[in-house]
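Engineer: here you go, sequence then predicted model.
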Amino acid sequence: MLYSIKNKVYFACLLSNLIVYLQYQITIEPAATDKRHKVMITINQVVFNKKGQKGTITRIITKSTGYVEVSYEAGFSKKEMAFNLTDENGVSLKKSPKKAELKALTPLEEAQNKMMWINGCVSGDRNSMSYQISSEMLSKIEMKAKESGNEFIASVCQSVDKYMKCSEKQAYHLAKFAIENNIEL
């Protein structure tokens with residue numbers, strides 16, 4: 001468990017008697033932090049909700065998600081998510097969860113996805129447009145493989161065309177060969 005320690009030092013010095021008095025007052029409060037330990041949520045911390053109501057954190061319910069219980073000045077208690085609360089300075093206690101961003105496919109992944117199109121064809125239906133496109137791509141790769149003497153890629157092309165199914169590993173090898181040999185898919 002993490003703790004937040006607040007130190008208060010009282011120092012009194014009486015020069016006439018040369019008596020030095022030093023007192024430490026340590027207050028230990030449980031604290032919750034997010035995974036990066038950037039944001040601190042402490043009990044008895046003054047916070048404001050989105051409506052501007054002032055309250056105090058009375059209990060930390062879930063540390064990982066920042067779910068806390070807040071006792072408001074109006075006399076009621078409510079469970080809140082930490083990212084819906086701000087401290088006295090107006091800083092959010094915990095940032096809102098980030099939305100996943102779509103990343104662009106690499107040329108290899110794009111070619112691999114095109115090789116997998118044949119899996120969407122109904123088995124045995126060699127008249128569909130998806131099969132015709134896939135068959136054209138496979139024939140380009142197979143012709144280049146035979147020209148360069150790569151029997152492995154040629155046999156993979158024949159197998160995919162025969163069974164109308166392409167595994168991820170087969171798609172990877174076919175796509176890699178197509179990119180290395182500048183075959184337009």
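Structural biologist: Structure's in. What do you need?

Engineer: I'd like the next helix or strand past the host helix or strand of residue 113.
Structural biologist: Applying DSSP states H and E as the criterion places residue 113 in helix 107-115. Downstream of helix 107-115, the first helix or strand assigned by DSSP H and E is helix 129-148.

Engineer: quick one: work out the angle between that next one and helix 107-115.
Structural biologist: Put simply, helix 129-148 runs at 120 degrees to helix 107-115, going by axes from the mean of the first three to the mean of the last three C-alpha atoms, to 10 degrees.

Engineer: mind giving me the packing neighbours of helix 129-148?
Structural biologist: helix 107-115, helix 151-163, helix 168-180 (3 or more C-beta pairs under 8 Å, 6 or more residues apart in numbering; DSSP states H and E). All C-beta atoms are positioned from the backbone trio N, CA, C, and that covers glycine.

Engineer: buried residues in the second one, which are they?
Structural biologist: Just to be clear, that refers to helix 151-163. For helix 151-163, burial by neighbour count (16 or more other C-beta atoms under 10 Å) applies to 153, 154, 156, 157, 160, 161.

Engineer: distance between that helix and the chain's centre?
Structural biologist: 38 Å (C-alpha atoms, centre = their mean, to the nearest Å).

Engineer: which residues touch it?
Structural biologist: The contact list for helix 151-163 (C-beta atoms under 8 Å, 6 or more residues apart in numbering) reads 115, 118, 135, 138-139, 141-142, 145-146, 166, 170, 173-174, 177.

Engineer: mind doing that once more with 10 Å?
Structural biologist: Here helix 151-163 makes contact (C-beta atoms under 10 Å, 6 or more residues apart in numbering) with 115, 118-119, 123, 126, 131, 134-135, 137-148, 150, 165-167, 169-171, 173-174, 176-178, 181.

Engineer: out of the buried residues of helix 151-163, which comes closest to residue 48?
Structural biologist: Distance to residue 48, by C-beta to C-beta, is smallest for residue 160 among these, at 61.6 Å.

Engineer: show me how the protein divides into domains.
Structural biologist: Domain assignment for the chain by automatic domain parsing gives 2-84, 107-180.

Engineer: good, wrapping up.
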